[in-house]
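Asker: Need a 3D model of the following:
(chains A and B)
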Number of protein chains: 2
Amino acid sequence: MDGRTGLPVVGMVGGGQLARMTHQAAVALGQSLRVLAESADDSAALVAADVRLGSHLDLAALREFADGCDAVTFDHEHVPGELIRALEKDGFKVYPPADALIFAQDKRRMRERLGALGAPMPGWRPSPSDISEMSEEYGWPVVAKAARGGYDGRGVWMLSSMADVAALDGKDIILEQRVPLRRELAALVARSPFGQVAAYPVVETVQRDGICVEVIAPAPGLPEERALEAQQLAIDLATALGVVGLLAVELFETDEGLVVNELAMRPHNSGHWTIEGARTSQFEQHLRAVLDYPMGETTLTAPVVVMANVLGGPAGGISIDERLHHLFAEDPGARVHLYGKQVRPGRKIGHVTVLGDDLSSVRARAARAARWLQEGE
Amino acid sequence: MDGRTGLPVVGMVGGGQLARMTHQAAVALGQSLRVLAESADDSAALVAADVRLGSHLDLAALREFADGCDAVTFDHEHVPGELIRALEKDGFKVYPPADALIFAQDKRRMRERLGALGAPMPGWRPSPSDISEMSEEYGWPVVAKAARGGYDGRGVWMLSSMADVAALDGKDIILEQRVPLRRELAALVARSPFGQVAAYPVVETVQRDGICVEVIAPAPGLPEERALEAQQLAIDLATALGVVGLLAVELFETDEGLVVNELAMRPHNSGHWTIEGARTSQFEQHLRAVLDYPMGETTLTAPVVVMANVLGGPAGGISIDERLHHLFAEDPGARVHLYGKQVRPGRKIGHVTVLGDDLSSVRARAARAARWLQEGE
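Answerer: Below is the predicted model:
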């Protein structure tokens, strides 16, 4: 508790854009997010007042950071469970708890647990040694995923033969069925320690090279019963796994129905549209959840909301500042979020959100805006 | 320009809630607002990364602050014109310029200039020695206003007799007709150095004891031609006065039409509703204006938007944190903004915004939410 304001202090481990946008939400609640950053140049460290520098792998740094926080939460999923457990033993409130976060950190544990819960999943096997069984049952290709640490398409391999399997020798991987999917969806919920859960409208996510490039809210043409099924699944998983804070359930929509692809337990790229597109942003919702405040309304603020990620484009061309001038001149309604990052090709440096009534024009505007910032033309 | 991000740096003189909310907007544009605060406890200083401590009356501090800024602007109107002119001579871009800001700083200069421009105004005289003339022409009471420094009802006196005038002896005041008003309105516009002007929908403002307590957007029942007249007046004034950044024109609506009450050249309390209620918030718009970016869309995001100020309530009762719990439980759609200030009776410590379709229910929700935070019941 901040003795001066009488309002709580939330600490977020990790200084990326998720912490940056969470700080913006914290400011409205009368707070100032405490950020544990690795570098003073981290996206959130550039804009937050209460920045501590240190490693998320250093228990002493984590303890010092947590001291005085009403709740500690995460910008990423890389803090080892044993360190979180040590903080929990110290009496700190750490959300999500280590026992929940493990299912976002370890895909093998996630698949085992979801299987036990009867959640719909692709076929899978826990080890590369199961490849014969997998290829017989589902045919080639087979998907291999790093059990830990994969992100934005990294840590995923498409295996077409036994030779591909041999090339992964020594990696800690699991095998998954390559699901014939219609599209990808995401169901985002927030859960408080009290057990209240709030669900956002289900969105469609569009990936390119394993990186999310576009999110459409609500998912176009999704029958209401399937949307409710996805929301119910996310609510049930959040409750069964003991999540506190946000849970993003990435889903494949197939001809046979929904299957769970991945879990994330933090503000998620598939929820950036909520800043302008939902009555309560995912960032405020995450803070409300970890502080055990009642959840905020999740209703849409427009019939169609589209978020497009801005990736770092090729070097050269006009400056990012000039690009912004042009974009603002061309589309005065586009909502821009830049993360203060240095541009590197393919790196997420910001996003753009467009709201409106007509799906195709809103999508086109969002894509054009992102392309402008990305390529300067 | 920030060498690392390639994005501009805006400096705001003053560390109040306007700077605090401007920082939130700056973060989305990839920036981090530089704040000149008097104390590390100032509202904006609690949440911004780039805070310099110093007085807005100290030219050396202002120069050091301005160095490296692409534009310098203000959270309040208390920086003396001669200091701003010194910065302008140094080559710094300071917005609004001293020659415009004077009309928000000095009511006598404002009335003289508006008179020369033919803007609609209450009857007025430049000096207390004109009291006989004023009382003969308009009758008692006569309004006396401090030429400089008045704020939130301070610096305004209702004179009922010659004895009241004598009691103001020595004060630098002007006299104004007490206008028989239907209600108060405000027209908010932003103007860039390039000369682009963007106008927000005209709002109704409700004052209590000289302090704004409620803002209703759009102003209920305002005929379109009168709304357009108010917007045109604000656009014309911004252009004629050479304003860069925001200009709030506070208006009285009378049986005879509109008259100008006050001018403000900064983000304004009558524009806080724009954070959620307009496509571009006044805070982002102010940044876009002072950076000469093209202006953003000003359209409403809901049919009715009501902002209610949260004033510090009586001491005692449940904590502000508990009040927030109750409010969130009671109204999950209320948007809360707290400024991180210590509670003192009557002090603006935050505001609440509610959006919806029905005027009376939206007003009731906003008033109830503000009362909850204010009084804890």
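Asker: got a list of what the residue of the stretch 201-350 of chain A found nearest chain B touches?
Answerer: Per Cβ to the nearest Cβ, the residue of the stretch 201-350 of chain A with the smallest distance to chain B is A:L338, at 2.9 Å. All C-beta spots, glycine's among them, are computed from the backbone N, C-alpha and C. Contacts for A:L338 were tallied using Cβ atoms under 8 Å, 6 or more residues apart in numbering or on different chains; they are A:310, A:320, A:324, A:349-350, A:373, B:5, B:7, B:28-30.
Asker: Redo these as CSV? Include pLDDT and neighbour count.
Answerer: Converted to CSV, the contacts of A:L338 look like this (pLDDT from 0 to 100; neighbours: other Cβ atoms under 10 Å in any protein chain shown):
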residue, pLDDT, neighbour count
A:V310, 96, 25
A:I320, 92, 22
A:L324, 96, 24
A:I349, 95, 25
A:G350, 97, 27
A:L373, 94, 26
B:T5, 88, 23
B:L7, 95, 20
B:A28, 98, 23
B:L29, 98, 24
B:G30, 97, 26
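Asker: Give me the subset of those that lies in strands.
Answerer: Among those, the members found in strands (DSSP state E) are A:310, A:349-350.
Asker: residue ranges with poor pLDDT in the stretch 201-350 of chain A?
Answerer: By pLDDT under 70, the stretch 201-350 of chain A has no low-scoring segment.
Asker: Please identify the residues of it in proximity to chain B?
Answerer: A:279-280, A:288, A:293-297, A:299, A:301-302, A:319-321, A:324-325, A:328-329, A:332-333, A:335-343, A:350 (Cβ under 8 Å from any Cβ of the partner chain).
Asker: what about the residue of the stretch 51-200 of chain A found nearest chain B, how many residues close to it?
Answerer: Using Cβ to the nearest Cβ, the closest approach of the stretch 51-200 of chain A to chain B is made by A:V51 at 7.2 Å. Other residues lying near A:V51 total 20 when counted by other Cβ atoms under 10 Å in any protein chain shown.
Asker: Report the rounded mean pLDDT for the helix or strand where it lies.
Answerer: Using DSSP states H and E, A:V51 falls within strand A:50-53. Summarised as a single mean, pLDDT over strand A:50-53 is 98.
Asker: returning to what we had before: distance to A:E82 added to the ones in strands among the contacts of A:L338, as JSON lines?
Answerer: Formatted as JSON lines, those follow (distance: Cβ to Cβ, whole Å):
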{"residue": "A:V310", "distance to A:E82": "37"}
{"residue": "A:I349", "distance to A:E82": "34"}
{"residue": "A:G350", "distance to A:E82": "35"}
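Asker: what does the stretch 1-150 of chain A have sitting close to chain B?
Answerer: A:1, A:4-8, A:20-21, A:23-24, A:26-32, A:41, A:45-49, A:51.
Asker: if you set the cut-off to 10 Å instead, what comes out?
Answerer: Proximity of the stretch 1-150 of chain A to chain B, by Cβ under 10 Å from any Cβ of the partner chain, involves residues A:1-2, A:4-8, A:20-21, A:23-33, A:35, A:40-41, A:43-51, A:70.
Asker: What's the ChimeraX syntax to select whichever of those are buried?
Answerer: Of the residues of the stretch 1-150 of chain A next to chain B, the buried ones can be selected in ChimeraX as follows, counting by 16 or more other Cβ atoms under 10 Å in any protein chain shown:
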select /A:2,5,6,7,8,20,21,23,24,25,26,27,28,29,30,31,32,33,35,43,44,45,46,47,48,49,50,51,70
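Asker: Ramachandran coordinates for the nearest residue to A:D99 once chain neighbours are set aside?
Answerer: Once flanking residues are discounted, A:D99 sits nearest to A:G242: 6.1 Å by Cβ to Cβ, 6 or more residues apart in numbering or on different chains. Per-residue torsions, A:G242: phi 70, psi 30 (degrees, to the nearest 10).
Asker: Return the distance of A:G242 relative to A:P193.
Answerer: Applying Cβ to Cβ, to the nearest Å, the value for A:G242 to A:P193 is 10 Å.
Asker: What about A:G153, how many residues nearby?
Answerer: Around A:G153 there are 13 other residues, counting by other Cβ under 10 Å.
Asker: Just list the residues touching it, thanks.
Answerer: Contact analysis of A:G153 by Cβ atoms under 10 Å, 6 or more residues apart in numbering or on different chains lists A:207-212, A:346.
Asker: what do you get for A:S281?
Answerer: Contact analysis of A:S281 by Cβ under 10 Å, 6+ apart lists A:21-22, A:24-25, A:28, A:267, A:271-275, A:287, A:296, A:298.
Asker: Now rank those residues by neighbours and give me the top one.
Answerer: Counting neighbours by other Cβ under 10 Å, A:P267 comes out on top of these with 32 neighbours.
Asker: Tell me if I'm right that that residue and A:Q17 touch.
Answerer: Yes: here A:P267 reaches A:Q17: they are 9.1 Å apart, a contact under Cβ atoms under 10 Å.
Asker: Now do the shared contacts for the two.
Answerer: Counting by Cβ under 10 Å, 6+ apart, the residues touching both A:P267 and A:Q17 are A:D75.
Asker: was I right about A:I131 contacting A:A163?
Answerer: No: at 11.1 Å, A:I131 and A:A163 do not qualify as touching, with contact defined as Cβ under 10 Å.
Asker: So the two - more neighbours on which side?
Answerer: Applying other Cβ under 10 Å to A:I131 and A:A163 shows that A:I131 carries more neighbours, namely 21 against 8.
Asker: Tell me the helices and strands packed up against whichever helix or strand the more buried one is part of.
Answerer: Element membership for A:I131 (DSSP H and E) is helix A:131-138. With contacts taken as 3 or more Cβ pairs under 10 Å, 6 or more residues apart in numbering or on different chains; DSSP states H and E, helix A:131-138 sits against strand A:124-125, strand A:142-146, strand A:156-159, helix A:162-167, strand A:173-177.
Asker: Pipe those into CSV and attach mean pLDDT per row.
Answerer: CSV is the format used below for the helices and strands packed on helix A:131-138 (pLDDT from 0 to 100):
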stretch, mean pLDDT
strand A:124-125, 97
strand A:142-146, 95
strand A:156-159, 92
helix A:162-167, 87
strand A:173-177, 96
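Asker: Including distance to A:P223, could these go into TSV?
Answerer: Putting those into TSV (distance: least, Cβ to Cβ, whole Å) gives the following:
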stretch	distance to A:P223
strand A:124-125	27
strand A:142-146	27
strand A:156-159	29
helix A:162-167	38
strand A:173-177	24
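Asker: can you tell me which of these comes nearest to A:P314?
Answerer: Set against A:P314 and scored by Cβ to Cβ, the helices and strands packed on helix A:131-138 come closest in strand A:156-159, at 24.7 Å.
Asker: Any buried residues in that closest one, and which?
Answerer: Those buried within strand A:156-159 under the rule 16+ other Cβ under 10 Å are A:157, A:159.
Asker: can you list the domains in chain A?
Answerer: Domain assignment for chain A, taken from automatic domain parsing, gives A:10-94, A:123-177, A:181-375.
Asker: Save those domains as JSON lines, and put in distance to B:A227 too.
Answerer: What follows is these, written out as JSON lines (distance: least, Cβ to Cβ, whole Å):
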{"stretch": "domain A:10-94", "distance to B:A227": "29"}
{"stretch": "domain A:123-177", "distance to B:A227": "48"}
{"stretch": "domain A:181-375", "distance to B:A227": "20"}
